[in-house]
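> Structure for the following, please:
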Amino acid sequence: MPFRYPIAAICFLFLILGATRGFSQCPPPDPLVFGESSCTPKSFTLSAIDSPDTYNWYDVPTGGLPVYQGDFFTTPILSTTTTYYVTSFDSGSNCESTRVPVQAIILPDSGDPAVYGMNKWNVYCFNGINWTDYKGFYIHNLININSSARWGSFSNPSSASGYNGCPVNFDNHSISYKRQGFPPGVYTIDILDHNDDFTLTINGHIIMTRVGFGQSYNRVWTGSLDGSSLVEYKWLDRLGASSANVIFTAIGTPTDLFAGNINYNQAYCVSGDPAPLRDSVAIAADRNSYVRSGSNTPVIAPGELMTNTKAPDNLMNIYLSFDVSSIRTSVFNNAYLYLRSFDRTNYPNKLLFVSSVADTLWDESFITWSNKPAASSPPIASSVIYDINEQWYKFDISAYVLAQRNAGNKRISLMLNDTTSEDNPLVFFSKDTPFPPVLVINNKSGGCTGYTYQWQYSPLCNNIWGDVSGATSDTYDPPTISDSTCYRLQIKDGCGSTAYSNILHVNIDAQTVAGKLTVSEIDLQSGTIQINGEVGKIRHWEVSEDNFTTTPTNITSNATQISYTGSPTSDLYYRAQIKSGACPFVYSDTIKILKVQEFIIFNSFSPNGDGINDVWKINGIERYPDNKVSIVNFMGVPIYQAERYNNEDVVWQGSLGGQSLPDGTYYYSVQIPDKPAMTGYVIIKR
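Sure, this is the predicted structure:
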């Protein structure tokens, strides 16, 4: 018979079983999760609902053990967006749902500062001035950049419409505009405003970077842009206004490419090391003068410019003027003043200052110490003048020249002075010489701005050119060379045009050779000195009474032969200073001109060893080194013969064969070339 449960029992069993987990779904349903976001690092609280029992929290999408179990999970402090995974868990049946991701988000939660906007500007915003503390971004769809149209210059980038991310500082922030893709064409770029420092980069090449604010730059770049072009304009703001205004203008054909002029010709000694060559233009001074205290007339000294600081009557200042109307600020890089010093034998290390002069109308024919133009204070540049040899000295006056051109000025004036209180002038070549004061300006122009460079050389300066291997920047430092060589710079632009600079000559001069001096007597009082075998030019002659122990007297002659007049009081020493081009100067050997004496053959002496009149002297015989002297006794027997008698080591001491001769009278003969023989007697008396 079938078993029958009582109705009450069945109902009770149903209630019991229905109230237990044994009747739950396995696996349980996926939980509903809630993440959290923050603009700063923090500890997040993540939560989940809809589990019939509890929740397991994981830090990996599969595998691993739960890092927490419960409804609310508190993370450690996070500084980057982190994803966790949560499941519904039935502990009775040990059933678990699939893992559902949940994020603790550090904003901004989108925007990658490395990505360029496609045919639009991605504008990335950062706290700090080094583009590292990323905060958020917005999109700018126009080609031209004008930040003030999106947010006020005294506001902050996070106030721009469409901004996505965390707040950005009002000051001390940085911004990066990045764009890939432009309507194909040739463009010029003008920067109308920048606050503060900016950098413009096209296809990975830095086009321009400037420090500061408020200046505008026209035609900073000209070239082709298309759908693949990558352009970044970034700037930083330290304090106050923050803004950018960059204009991209599509044009037709660019102007002709001009390579500019590379810097001045150079000269070096054998195996000289030339100075670096640079894409630049040289502007020589077209007015120069120097003025001196105590003088109310212009100082006329062709070829020379001087400064000095010996008060009160020997203060000297140099004035220079340059026509800078050809300098184009859109391609301006730097401006250096070059001065070439004169050789001097006693230059100290003196600090030379360069100051600006507002008055550019002064006349070199009328400027004096009394009416000289005022100069700026402080100076705009300085350099130590240290070498006694000819030397180029360089002064960086870039900021001043650029400011003058931006102000529309077509001429600049400068004043040079030193401050060492010594009566020892600094002397420089003037505009009337082969080495005038010169401004060297980096000033290439025209074409499209994607310039590439190749330096070329012609070893024989015969217009047959070869590329210098590896010399592909706008500056080239030639190696040590032994032969004169010509150089030029080839420039190609981004539109395929090619241009060449002027030709620069690097001349190698022969090593200076001193030469030898000879003397040709006219008579006992004067004669000529001749130099032979020298290599180089005679710069001047020098004469000294103490064989050049102290400062000699210069003889301003560059002839190979000079005349001399003997001194009645002392011997004179002569030498010549010779210099071959850029090689160091040298001195010839020294020739001694004996003091002028009356030619006297003394007729007695007393060789008794008392140190007085012990030898027979012939006054002035040293002037005739090719002499012959002979002495005989009263019987005509030779007792002494000598050549090159000189009263010192070649001299008769009244002896024969080392034995003293008796007192008495002896007879001499003195022979000098081209003169009659001189005869007479000499008495020995002890």
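> right, and Arg644 touches Val650 too?
Yes. Using CB atoms under 8 Å, Arg644 is in contact with Val650, at 5.6 Å. C-beta coordinates here come from the backbone N, C-alpha and C atoms, glycine included.
> How is Ser148 assigned, secondary-structure-wise?
Under DSSP: H, G, I helix; E, B strand; the rest coil, Ser148 falls in the helix class.
> Asn245 is in contact with that one, correct?
Yes. Taking contacts as CB under 8 Å, Ser148 lies within contact range of Asn245: 7.3 Å.
> Let me know the helix or strand that the closest residue in space to Thr553 that isn't next to it in sequence is in.
The shortest distance from Thr553 to any non-neighbouring residue, by CB to CB, 6 or more residues apart in numbering, is to Val543 (5.3 Å). Here Val543 sits within strand 537-544, counting by DSSP states H and E.
> Which SSE is immediately downstream of that strand?
strand 553-555.
> Pull out the buried residues from that next one.
Neighbour-count burial for strand 553-555, counted by 16 or more other CB atoms under 10 Å, picks out no residue.
> In the stretch 451-600 of the chain, where is pLDDT below threshold?
521-525 (pLDDT under 70).
> residues touching the residue nearest to Thr553, list them.
Pro552, Thr553, Ile555, Tyr564, Leu572, Tyr573, Tyr574 (CB atoms under 8 Å, 6 or more residues apart in numbering).
> OK, contacts around Gln25?
Counting by CB under 8 Å, 6+ apart, Gln25 makes contact with Pro52.
> Look up how far Ser51 lies from it.
For Gln25, the distance to Ser51 equals 11 Å [CB to CB, to the nearest Å].
> Repeat that for Asp467.
76 Å.
> now swap in Asn502 and tell me
For Asn502 relative to Ser51 (CB to CB), the value is 84 Å.
> quick one, which of those two is more surrounded?
Ser51 (21 against 15; other CB atoms under 10 Å).
> what kind of secondary structure is the nearest residue to that one once chain neighbours are set aside in?
Once flanking residues are discounted, Ser51 sits nearest to Ser88: 3.6 Å by CB to CB, 6+ apart. Look at Ser88: counting by three-state DSSP, its state is strand.
> Could you do Arg405 as well?
The local conformation at Arg405, judged by three-state DSSP, is helix.
> tell me the contacts of the nearest residue to Pro276 once chain neighbours are set aside?
Spatial nearest neighbour of Pro276, chain neighbours left out: Asp477 (4.3 Å); criterion: CB to CB, 6+ apart. Residues in contact with Asp477 (CB under 8 Å, 6+ apart) are Pro274, Ala275, Pro276, Leu277.
> For burial, what's the neighbour tally of the residue nearest to the first one when sequence neighbours are not counted?
In this structure, Pro274 finds its nearest non-sequential neighbour in Pro478, 4.4 Å apart by CB to CB, 6+ apart. Look at Pro478: counted by other CB under 10 Å, it has 21 neighbours.
> Can you verify my assumption that Pro478 contacts Ser484?
No. Applying CB under 8 Å, one finds Pro478 not in contact with Ser484, separated by 11.8 Å.
> intersection of neighbour lists for the two?
Shared contacts of Pro478 and Ser484, defined by CB under 8 Å, 6+ apart, are found at Val506.
> quick one: the helices in the protein?
Assigned by DSSP state H, the chain shows helices spanning 7-18, 398-406.
> between the ones you listed, which gets the lowest average pLDDT?
For the helices of the chain, mean pLDDT drops lowest on helix 7-18, to a mean of 36.
> I'd like the distance from stretch 42-60 to the chain centre, please.
Offset of stretch 42-60 from its chain centre (CA atoms, centre = their mean, to the nearest Å): 65 Å.
> Quick one: mean pLDDT for it?
Here the average pLDDT along stretch 42-60 is 91.
> Enumerate the positions of that stretch that are buried.
Phe44, Leu46, Ser47, Ala48, Ser51, Tyr55, Asn56, Trp57, Tyr58.
> what's the answer for stretch 487-497, then?
Within stretch 487-497, the residues scored as buried using 16+ other CB under 10 Å are Tyr487, Arg488, Leu489, Gln490, Ile491, Lys492, Asp493, Gly494, Cys495.
> between those, which is nearest Cys39?
Gly494 (42.3 Å; CB to CB).
> Check the contact between that closest one and Tyr451; I expect there is one.
Yes. Between Gly494 and Tyr451 there is a contact under CB under 8 Å: 7.5 Å.
> could you give the mean pLDDT of stretch 133-143?
94.
> Mind listing what's buried along the strand holding Val543?
Ile538, Trp541, Glu542, Val543, Ser544.
> Partner strands of that strand, with direction?
strand 553-555 (antiparallel), strand 572-579 (antiparallel) (DSSP bridges).
> what are the C-alpha coordinates of it, in CSV please?
Written as CSV, here are the backbone C-alpha positions of strand 537-544 (Å, rounded to 0.1, in the frame of the first residue of the first chain):
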residue,chain,number,x,y,z
LYS,A,537,107.3,90.6,-44.0
ILE,A,538,109.4,93.0,-42.0
ARG,A,539,107.0,94.5,-39.5
HIS,A,540,109.6,96.8,-37.9
TRP,A,541,113.2,97.1,-36.7
GLU,A,542,114.3,97.5,-33.1
VAL,A,543,117.5,99.0,-31.6
SER,A,544,118.7,98.6,-28.1
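> in the sheet, who's paired with Cys125?
Assigned bridge partners for Cys125, using DSSP bridges, are Gly136, Ile175.
> Now do the contacts for it.
Cys125 neighbours (CB under 8 Å, 6+ apart): 134-138, 157-158, 163, 165, 168, 173-175.
> Tell me if I'm right that Phe395 and Ser356 touch.
No. Checked against CB under 8 Å, the pair Phe395 and Ser356 is beyond contact range at 11.7 Å.
> so how far is His540 from Gln577?
6 Å.
> Apologies, that question was intended for Gly63.
In this view, Gly63 and His540 are 95 Å apart by CB to CB.
> now Arg219: how far from Thr188?
5 Å.
> now swap in Gly527 and tell me
76 Å.
> With Val427 instead?
Plainly put, Val427 is 47 Å away from Thr188 if you go by CB to CB.
> Counting neighbours, go ahead and name the busier of the two.
More crowded of Val427 and Thr188, by other CB under 10 Å: Val427, with 22 against 19.
> List the beta-bridge partners for that one.
Beta-bridge partners, per DSSP bridges, of Val427: Met306.
> Help me confirm that it comes into contact with Met306.
Yes. At 5.2 Å, Val427 and Met306 qualify as touching, with contact defined as CB under 8 Å.
> contacting residues around Thr54?
Gln69, Gly70, Asp71, Phe89, Ser91.
> Now for the third one, how many residues are close by?
Read it as Asp71. Asp71: 13 neighbours (other CB under 10 Å).
> Report the contact partners of it.
Ser47, Ala48, Ile49, Thr54, Tyr55.
> one step back: tabulate the buried residues of strand 537-544 (a markdown table), appending distance to Val401.
Shown next, in a markdown table, are the buried residues of strand 537-544 (distance: CB to CB, whole Å):
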| residue | distance to Val401 |
| --- | --- |
| Ile538 | 40 |
| Trp541 | 43 |
| Glu542 | 43 |
| Val543 | 47 |
| Ser544 | 47 |
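> Would you check which pair of those lies furthest apart?
Longest span within the buried residues of strand 537-544, CB to CB: Ile538 and Ser544, 17.2 Å.
> what's across from Trp392 in the sheet?
Applying DSSP bridges, one finds that Trp392 bridges with Arg340.
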